[in-house]
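K.L.:
no sequence for this one, just the structure:
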């Protein structure tokens, strides 16, 4: 699963969608279909977990002499 | 020092006095200026400022006088107006009440805007074909706007609510006043040069007057957006007017929070989609197994498997069927033979000697022998002559 973990969210979701299409095509044998299904469930769980666990990071960027500087950003009040 | 004749005004009295003074000391006059902050109210009155390089004055065109103005007031328009100088008492504001107006040349700002727009358009910077698609699931969103104020807060709120887990990168810039356009342009270039892994950029600010938004109409901003490899969504808070930044950007949103809504999907919707896909898989699999089970059921219940007698029953029936077909086949065979016989008989008829007699020939015989030579008979022999119809019995005379 490490390989799928490192894939982007978009790629994983696409993979899941493709998998469902393959299943729906119905030209796979039962064993292959079951294997696809298992893979799909793992993907779906992973995607959900990624969404649930996500933490937003807000940074302020600036250029300092051509170098990027980053610091946590908190919007000032007006 | 007590001065019994000291007159103390209330604010209202003072404003009223100034009002009277203004109204009595000016007759109607003509003023030339550029319209700004123009706002037409549903009441039909239009409020605006008239300005030139050095100063501005509030003005109003009441509904009742609007017949004296044959064109629509709009920001940036240079006009010559006739009006009277007065004040708006509750606020002690100097005000020009317009009774008539004529358009002058276009305002310098507006003209500059139109010229720049035409130039950039001619360069193809607004072409649809240049527009880059936005990523469906961005990991990082860059924001070029003021570091303070509602706009940046709204953007951060909307982004983190809709799509948690984002890397939000704010590049705070001055969004109005001198140098703002250059700062905005530098930030867009900065993202491309120093943080090129940013998936999409929001460039904009909250709403304001046309002057406040002006930086987004300036060439450096347009050029920086056009040159950006990272897709740019413009969001200059103005529902109606498009800035040049809007034309150059890959996508235009009317406000920064609207832009935030556009660039990220909604977590809840994506979660629903995942659940939907999972359910879909489950259903497909269930259907598949049910279909297989049905096929198995049919096969097992097949008469051949459930009652093997059917195997020979079939064959017996086949024999019966063939036997029944036999007489019919024989009949057809005979029929075909009969037809052939008829054809042969016809041919025989064509060469029959009887046919030759029909043409006037005759067959002569004597004592059952067909005569072909005169020497076959002698004087006094009987000869039978067969004609086509009937026969004649004769005697040889010589």
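P.N.:
Noted; the coordinates are in hand. All of these numbers come straight from a predicted model, not from anything done at the bench.

K.L.:
Buried residues in stretch B:115-124, which are they?
P.N.:
B:117, B:120 (16 or more other Cβ atoms under 10 Å in any protein chain shown). (C-beta placed from N, C-alpha, C; glycine too.)

K.L.:
Let me fix that, I meant to ask about stretch A:64-78.
P.N.:
Residues A:73, A:75 are the ones in stretch A:64-78 that count as buried (16+ other Cβ under 10 Å).

K.L.:
any idea of the mean pLDDT for it?
P.N.:
In this model, stretch A:64-78 has an average pLDDT of 81.

K.L.:
can you list contacts of it?
P.N.:
For stretch A:64-78, contacts defined as Cβ atoms under 8 Å, 6 or more residues apart in numbering or on different chains pick out A:58-63, B:147-150, B:152-153, B:156, B:168-170, B:172, B:190, B:194-195.

K.L.:
Show me those residues that map onto helices.
P.N.:
When helices are assigned by DSSP state H, the members of these inside them are B:150, B:152-153, B:156, B:190, B:194.

K.L.:
which pair in the residues you listed spans the largest distance?
P.N.:
Pairwise distances across those (Cβ to Cβ) peak at 27.2 Å, for the pair B:150 and B:194.

K.L.:
quick revisit: among the contacts of stretch A:64-78, which ones are buried?
P.N.:
If you count burial by 16+ other Cβ under 10 Å, the buried members of those come out as A:58-63, B:147, B:149-150, B:152-153, B:156, B:168-170, B:172, B:190, B:194-195.

K.L.:
after the lengthiest strand in chain B, next one along is what?
P.N.:
In chain B, ranked by residue count with DSSP state E as the criterion, the top strand is strand B:93-106. Proceeding C-terminally, strand B:93-106 gives way to helix B:108-122 as the next helix or strand, assigned by DSSP states H and E.

K.L.:
what packs against that following helix?
P.N.:
Contacting helix B:108-122 under the criterion 3 or more Cβ pairs under 8 Å, 6 or more residues apart in numbering or on different chains; DSSP states H and E are the following elements: helix B:219-227, helix B:244-248.

K.L.:
Could you confirm whether the first helix or strand past it going along the chain reaches chain A?
P.N.:
Downstream of helix B:108-122, the first helix or strand assigned by DSSP H and E is strand B:140-145. Yes - in terms of Cβ under 8 Å from any Cβ of the partner chain, part of strand B:140-145 sits within range of chain A, namely residue B:142.

K.L.:
So for stretch B:143-152, first residue to last residue, what's the gap.
P.N.:
End-to-end distance of stretch B:143-152 (Cα to Cα, to the nearest Å): 8 Å.

K.L.:
Just give the nearest non-adjacent residue to residue B:213, would you?
P.N.:
Closest residue in space to residue B:213, ignoring its immediate chain neighbours: residue B:236 at 5.4 Å, by Cβ to Cβ, 6 or more residues apart in numbering or on different chains.

K.L.:
Of all the helices and strands packed on helix B:108-122, which one is nearest chain A?
P.N.:
With Cβ to the nearest Cβ, the closest approach to chain A among those belongs to helix B:219-227: 13.4 Å.

K.L.:
The helix or strand that the closest one is followed by - contacts with which helices or strands?
P.N.:
Secondary structure here is assigned by DSSP H and E; on that basis, the next helix or strand after helix B:219-227 toward the C-terminus is strand B:232-236. Helices and strands touching strand B:232-236, as assessed by 3+ Cβ pairs under 8 Å, 6+ apart, comprise strand B:200-205, helix B:244-248, strand B:251-252, helix B:256-263.

K.L.:
switch the cut-off to 6 Å
P.N.:
With contacts defined as 3 or more Cβ pairs under 6 Å, 6 or more residues apart in numbering or on different chains; DSSP states H and E, the packing partners of strand B:232-236 are strand B:200-205, helix B:256-263.

K.L.:
hey, which of the ones you listed is tucked in deepest?
P.N.:
strand B:200-205 (a mean of 29; mean count of other Cβ atoms under 10 Å in any protein chain shown).

K.L.:
which other residues reach that one?
P.N.:
Strand B:200-205 is contacted by residues B:134, B:138, B:141-145, B:151, B:175, B:191, B:230-236, B:256, B:259, B:263 when judged by Cβ atoms under 6 Å, 6 or more residues apart in numbering or on different chains.

K.L.:
roughly how far is it from the heart of the chain?
P.N.:
Mean C-alpha position of strand B:200-205 versus that of the full chain (Cα atoms, centre = their mean, to the nearest Å) differs by 26 Å.

K.L.:
which one's the longest strand in chain A?
P.N.:
With secondary structure taken from DSSP E, chain A has its longest strand at strand A:57-64.

K.L.:
List, one by one, the residues from chain A near chain B.
P.N.:
Counting by Cβ under 6 Å from any Cβ of the partner chain, the residues of chain A lying close to chain B are A:9-10, A:16, A:20, A:23-24, A:33, A:37, A:40, A:44, A:47-48, A:51, A:54, A:56-61, A:63, A:68, A:73, A:75-76, A:78.

K.L.:
most centrally placed residue in chain B?
P.N.:
Nearest to the centroid of the C-alpha atoms of chain B, with distances taken as Cα atoms, centre = their mean, sits residue B:128, at 14.6 Å.

K.L.:
For burial, what's the neighbour tally of residue A:45?
P.N.:
The tally of other residues near residue A:45 (other Cβ atoms under 10 Å in any protein chain shown) stands at 12.

K.L.:
Oh, that last question was meant for residue B:99, not what I typed.
P.N.:
The local packing of residue B:99 (other Cβ under 10 Å) involves 18 other residues.

K.L.:
what's the nearest residue to it if we skip its chain neighbours?
P.N.:
Spatially, and ignoring its direct neighbours in sequence, residue B:99 is nearest to residue B:65 (4.9 Å; Cβ to Cβ, 6+ apart).

K.L.:
is it true that the one you found lies in a helix?
P.N.:
Yes - under the criterion used here (DSSP: H, G, I helix; E, B strand; the rest coil), residue B:65 sits inside a helix.

K.L.:
On the pLDDT front, check it for me.
P.N.:
86.

K.L.:
does it really touch residue B:97, like I thought?
P.N.:
No - with contact defined as Cβ atoms under 6 Å, residue B:65 does not count as touching residue B:97 (7.8 Å).

K.L.:
ok, back up a step: who are the packing partners of the longest strand of chain B?
P.N.:
In terms of contacts (3+ Cβ pairs under 6 Å, 6+ apart), strand B:93-106 is packed against strand B:56-61, strand B:77-88.

K.L.:
And it, how far out from the chain middle?
P.N.:
Computed by Cα atoms, centre = their mean, the chain-centroid distance of strand B:93-106 equals 46 Å.

K.L.:
Just the mean pLDDT for it, thanks.
P.N.:
Averaging the model's pLDDT scores along strand B:93-106 yields 86.

K.L.:
try stretch B:9-21
P.N.:
Averaging the model's pLDDT scores along stretch B:9-21 yields 93.

K.L.:
residues in contact with that stretch?
P.N.:
The contact list for stretch B:9-21 (Cβ under 6 Å, 6+ apart) reads B:87, B:89, B:92.

K.L.:
likewise stretch B:53-72?
P.N.:
By Cβ under 6 Å, 6+ apart, the residues outside stretch B:53-72 that reach it are B:44-50, B:93, B:95-101, B:103.

K.L.:
Relative to residue B:229, how far out is the nearest residue to residue A:63 once chain neighbours are set aside?
P.N.:
For residue A:63, the nearest residue in space outside its immediate sequence neighbours is residue B:190; the separation is 4.8 Å by Cβ to Cβ, 6+ apart. Spatial separation of residue B:190 from residue B:229 under the definition Cβ to Cβ, to the nearest Å is 13 Å.
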